[in-house]
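Student: Requesting a structural model of the entry that follows:
(3 chains)
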Amino acid sequence: MSLKQQLIDQVIEAWHSLQDKVPLVQCITNSVATNYTANILLAAGASPAMIDNPFETEAFTKISSALSINTGTPTTEQTQAMLISARTAQQQQTPWVLDPVGYGAVLRWRSETVDQLLNFKPNIIRANASEISTLAGNQTESKGVDSTLNSQDVYEQAKSLLQYSECIAISGESDFIISKQLNTVIQVNGGCYLQPKITATGCALGALTAAYHAVSTPTIAALASHIHFAIAGNLAYEHAQTVGSFNVAFLDYVHMLDDNLIRQYVDIELL
Amino acid sequence: MSLKQQLIDQVIEAWHSLQDKVPLVQCITNSVATNYTANILLAAGASPAMIDNPFETEAFTKISSALSINTGTPTTEQTQAMLISARTAQQQQTPWVLDPVGYGAVLRWRSETVDQLLNFKPNIIRANASEISTLAGNQTESKGVDSTLNSQDVYEQAKSLLQYSECIAISGESDFIISKQLNTVIQVNGGCYLQPKITATGCALGALTAAYHAVSTPTIAALASHIHFAIAGNLAYEHAQTVGSFNVAFLDYVHMLDDNLIRQYVDIELL
Amino acid sequence: MSLKQQLIDQVIEAWHSLQDKVPLVQCITNSVATNYTANILLAAGASPAMIDNPFETEAFTKISSALSINTGTPTTEQTQAMLISARTAQQQQTPWVLDPVGYGAVLRWRSETVDQLLNFKPNIIRANASEISTLAGNQTESKGVDSTLNSQDVYEQAKSLLQYSECIAISGESDFIISKQLNTVIQVNGGCYLQPKITATGCALGALTAAYHAVSTPTIAALASHIHFAIAGNLAYEHAQTVGSFNVAFLDYVHMLDDNLIRQYVDIELL
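Tutor: Below you'll find the model as predicted:
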């Protein structure tokens, strides 16, 4: 069996495990994404909990199956919670995913928090191309929190980030997954041009990656979540071609995905 | 006329009062629920206002017709606001509803806040089965903010909570309402399995209970809000069987509910 | 060419500029509106970023094309961010829009913040009739954050606010736009009765006004955003007459608006 086929089989296995285990995923996320992220996790099969205060976060990370940290709209209290939870996750070997939203020269406060969070070795870093490039030490022009670079132009740069994390996932028109476990880069095709027109899809993808990591390895988790979103995006677009209706259909297909749909629609390449 | 029929008539009267009076409902709620809760209250006929800072909350509670407090994602400032508003509501005899999201041994900080809030005698406590059981003094295994217990297994335990509150409402596959005013427990049937797949439905139900309490007694308020959601859930599911579309249809039917639909679809039992 | 026709042409030009330039709009907004506002801005053609902490806001305002400040659910940190960003916007001549949600005697803390914000001369003030009337020095009865007055009854009062701002926009069943640049008041008709049944539509309208102001004058920006919402509301209502479905269709039409639809459906009067 080819490596590609093995990966697809493991993604399907991860999807089944997600349904069986309904892992508890702690999300420390931004004010834009919180409702949407919870709905995506519920639809996909996980159990989300948005515990983001510094007084409860250590105890909660200890009982969580995975942790997702997203720096979209940090407050002082959330920043404290992020650092406590990341440390706790590392100590407890709880899988955790970092989504360094807005990382760059302009938004220094959160970027310094991200630098500290990297010390707690996130198992997966998921971000857009601009954020990944900046994290990898390049100076990129930021335009707020949306990417100004293409994902395919930065995946070589991303390899340097494997010093911090076992797996790097870069979202874009195609997504790219780089991992210590594999000698190859995986390209995930699919999704639709309307997805970036809906706020917080990337943030929810980070949380879904954490959910999958509760039941699989970093590489398979990143691959499964990106395939999940790519297929749901394709099927939703067949159903609805306008942004509001697409958003509704996208949630429908995030929930309706199953092993048959994965096998039928998965589109990955090993580079 | 049977007690059951009397209760249904009073629910219909409460629904009419809600439409006539459009009560101002102050909500101190969590970051996941805030938009959804406001939309549910508007759709149902109330006027929501999410005033949750400690500098304004006393003055605002004084002009509000009801108060809803939900401990889903508390911040320090929100916690201060909760305590001030609960005290103010008790002093002013403003109806108020407590939704102790996440109450339990793991999330101690909020649970201590809930313990303090109980001193201000919420008129209604609305929660899921795990939270009610823990509030009633039992040790339950928590899985984040979702219940691990069935509502029908805990309503006997809930009776002890009548020392704090006039009415206890427990949501689940069927809902159970316990009240000082009645010698019977009321079971509310309806809704659909997709409702727990949408985040913040329970939170919005707590706020809707507060809205109804602005225009009726605690028992009728709890009964009306749970019937409102149960029927809207049933009708929405007839219209849409996938989670995203169901969510849209649910809001439609929360808005379209009227006395005829209540009479036609209400399904309650006196235990 | 009549003034009315000139204005419509400039609105269409502004819409094209918005699509071409995709301006970065910083939003400091409330917890109810954040997700909805971001989705509206994305659908309309802008690039939103909800940067609302005091540690990053000065640097971010400096790179933003426009700033939107909304006082719906202020926290201490957000309030600090508002004051820093407003000052920065004034210094840098970055267009900025103030939406003084809840302004009035009851909610004093935010109202004092609004008073301070006025010193930084917002280019546009956008609000409902109650807020505008109170800002203009009248004592109005507040009912939370929803208006108790009609927009057509207060536009004369609003003229006194031109001491603070170049343009005042009052939303309601019809909207009214008052500007230093014009000797006339512009009335914008359209929209539908379901819009106030959806939370945060006014808040999102304020942010969209800021987005248009990144590419046009205050008068045209206010006119364009209000026409954008009025037409999208009309077309959405033709498509969907229930509140949940209308909300989805509204986002669809905010995205699908184009020059032909503006010409076909625009309904303004010069008073």
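Student: Counting neighbours, what do you get for the residue in the stretch 151-271 of chain A positioned nearest to chain B?
Tutor: Residue of the stretch 151-271 of chain A nearest chain B, by CB to the nearest CB: A:Leu251 (3.2 Å). Glycine gets a C-beta too; all of them are placed from N, C-alpha and C. Residues near A:Leu251, counting by other CB atoms under 10 Å in any protein chain shown, number 28.
Student: do A:Glu131 as well
Tutor: A:Glu131, neighbours per other CB under 10 Å, totals 29.
Student: What score does A:Ser2 have for pLDDT?
Tutor: pLDDT for A:Ser2: 95.
Student: typed the wrong thing, it's A:Asn150
Tutor: At A:Asn150, pLDDT is 85.
Student: Would you double-check that A:Ile177 falls in a helix?
Tutor: No - with DSSP: H, G, I helix; E, B strand; the rest coil as the criterion, A:Ile177 is assigned strand and is not in a helix.
Student: gap between the two ends of stretch A:25-41?
Tutor: 8 Å (CA to CA, to the nearest Å).
Student: contacting residues for the closest residue to the residue of the stretch 151-271 of chain A closest to chain B other than its chain neighbours?
Tutor: In space, and not counting its chain neighbours, A:Leu251 is closest to B:Gly244: 3.2 Å by CB to CB, 6 or more residues apart in numbering or on different chains. By CB atoms under 8 Å, 6 or more residues apart in numbering or on different chains, the residues touching B:Gly244 are A:43, A:247-252, A:255.
Student: Quick check: which element contains B:Gly244?
Tutor: Per DSSP states H and E: B:Gly244 is located in helix B:243-256.
Student: Check the offset of that helix from the chain's centre.
Tutor: Taking CA atoms, centre = their mean, to the nearest Å, one finds helix B:243-256 lying 18 Å from the centre of the chain it belongs to.
Student: Please apply the same query to stretch A:220-228.
Tutor: Averaging C-alpha positions (CA atoms, centre = their mean) puts stretch A:220-228 9 Å from its chain's average.
Student: And stretch A:208-220, by the same measure?
Tutor: 9 Å.
Student: start to end distance for it?
Tutor: 12 Å.
Student: Neighbours of A:Ser263, how many?
Tutor: If you look again at residue A:263, you'll see it is Arg, not Ser. A total of 12 residues lie near A:Arg263 under the criterion other CB under 10 Å.
Student: give the contact list for the closest residue to A:Phe55 other than its chain neighbours.
Tutor: Spatial nearest neighbour of A:Phe55, chain neighbours left out: B:Trp109 (3.8 Å); criterion: CB to CB, 6+ apart. By CB under 8 Å, 6+ apart, the contact set of B:Trp109 is A:53, A:55-56, B:74.
Student: If you rank those by neighbours, which is first?
Tutor: Neighbour counts for the contacts of B:Trp109 (other CB under 10 Å) peak at B:Pro74, which has 31 neighbours.
Student: Spatially, what comes nearest to the residue nearest the centre of chain A if we skip its sequence neighbours?
Tutor: When CA atoms, centre = their mean is applied to chain A, the residue found nearest the centroid is A:Gly206 (2.1 Å). For A:Gly206, ignoring the flanking residues on the chain, the nearest one in space by CB to CB, 6+ apart is A:Asp99 at 3.5 Å.
Student: Who is that neighbour paired with across the strands?
Tutor: A:Asp99 has these beta-bridge partners by DSSP bridges: A:Asn70.
Student: Tell me how far it lies from chain C.
Tutor: 15 Å (CB to the nearest CB, to the nearest Å).
Student: likewise A:Thr71?
Tutor: A:Thr71 sits at a distance of 11 Å from chain C (criterion: CB to the nearest CB).
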